[in-house]
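Participant: what's the 3D shape of this:
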Amino acid sequence: MTLTTGERNVGRSALVTGGNRGIGLAIARRLAAGGDSVTVTSRSGEPVEGVSVVPCDVRDVASVEAAFASVEKDQGPVEVLVANAGITSDRMFAALKDEVFTDVVDTNLTGAYRVAKRAVRGMMRARQGRMIFISSVVGLYGWPGQANYAASKAGLVGLARSLARELGPLGITANVVAPGLVDTDMAAVLSQEREAAILGTVPLGRKADADEVAAVVAFLAGPDAAYLTGAVIPVDGGLGMGH
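Facilitator: All right, here's what the predicted structure looks like:
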């Protein structure tokens with residue numbers, strides 16, 4: 001079903017990777033509230049209240065294939081993909097080991113490539129689809145000790161914009177959301193000093209709520225964003241100033 005401006009989402013099949021908590025869970029619940037059938041992935045596959053969960057390790061092609069097969073059986077081919085799964089493993093650059101760099105990039109960037117490549121099959125057949133990649137202001141702005149994370153998140157921009165150009169003629173959009181500091185478990189590990197230092201550079205002076213990020217994702221997935229592709233939308237309180 002092709003959505004045009006002003007129409008509601010009606011029962012589309014949506015998949016949110018890494019959607020068992022934080023931003024991903026907020027996105028899943030927002031899409032479900034809008035009428036979509038939503039499944040989230042997590043490595044463990046443990047149940048999450050109010051959403052369907054399928055186990056998936058985005059670092060493994062066979063695991064991705066199995067997850068998509070399960071989703072397709074239960075709710076049809078994926079029409080809305082939110083590539084959100086990600087990890088951090090911060091080190092100052094001089095102490096950054098190859099395996100740590102590779103693990104973060106393999107999860108955050110190559111993992112997004114794997115799920116997008118699997119989702120694109122059904123989208124191309126249907127000649128419609130929405131791909132939304134969850135990047136970070138760090139990928140645009142940089143941050144000390146996060147060269148691996150920043151590289152992986154910056155790569156999502158190039159991936160999404162290439163897909164936007166390649167798949168646009170088929171009615172498939174690809175966009176990026178770049179959150180700043182969000183009130184999630186990932187942010188909770190920051191020391192009070194580091195959080196204060198970051199918030200001191202945020203014009204709005206506070207962390208985002210996960211629902212504020214989810215609202216932007218829902219817009220990109222919805223009918224009012226039908227003519228929007230290749231965009232990078234910061235949800236960062238002004239930290240990156242649109243970089």
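Participant: How about Gly86: what's its closest non-neighbour residue?
Facilitator: Leaving aside its sequence neighbours, Gly86 sits nearest to Asn108 (C-beta to C-beta, 6 or more residues apart in numbering; 4.5 Å). Glycine gets a C-beta too; all of them are placed from N, C-alpha and C.
Participant: Mind listing the strands the longest strand along the chain pairs with, and their directions?
Facilitator: As assigned by DSSP state E, the longest strand anywhere in the chain is strand 172-179. If you go by DSSP bridges, strand 172-179 pairs up with strand 129-134 (parallel), strand 232-235 (parallel).
Participant: just the CA coordinates of that strand, formatted as PDB?
Facilitator: Provided in PDB are the C-alpha atoms of strand 172-179 (Å, rounded to 0.1, in the frame of the first residue of the first chain):
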ATOM      1  CA  ILE A 172      12.000   3.800  -1.400                       C
ATOM      2  CA  THR A 173      13.300   6.600   0.900                       C
ATOM      3  CA  ALA A 174      16.300   6.500   3.200                       C
ATOM      4  CA  ASN A 175      16.900   9.100   5.900                       C
ATOM      5  CA  VAL A 176      19.000   9.600   9.000                       C
ATOM      6  CA  VAL A 177      18.100  10.700  12.500                       C
ATOM      7  CA  ALA A 178      21.100  12.000  14.600                       C
ATOM      8  CA  PRO A 179      20.200  12.200  18.300                       C
END
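Participant: Tell me how far Leu190 lies from Gly19.
Facilitator: According to C-beta to C-beta, to the nearest Å, Leu190 and Gly19 sit 22 Å apart.
Participant: Kindly apply the preceding question to Pro169 instead.
Facilitator: Distance from Pro169 to Gly19, by C-beta to C-beta: 29 Å.
Participant: So which of the strands paired with strand 172-179 is the most surrounded?
Facilitator: strand 129-134 (a mean of 26; mean count of other C-beta atoms under 10 Å).
Participant: contacts for that one?
Facilitator: 23-24, 78-84, 86, 112, 116, 119-120, 122-123, 156-157, 159-160, 163, 167, 171-177, 179, 213, 217, 220-221, 225 (C-beta atoms under 8 Å, 6 or more residues apart in numbering).
Participant: With that, I have no additional questions.
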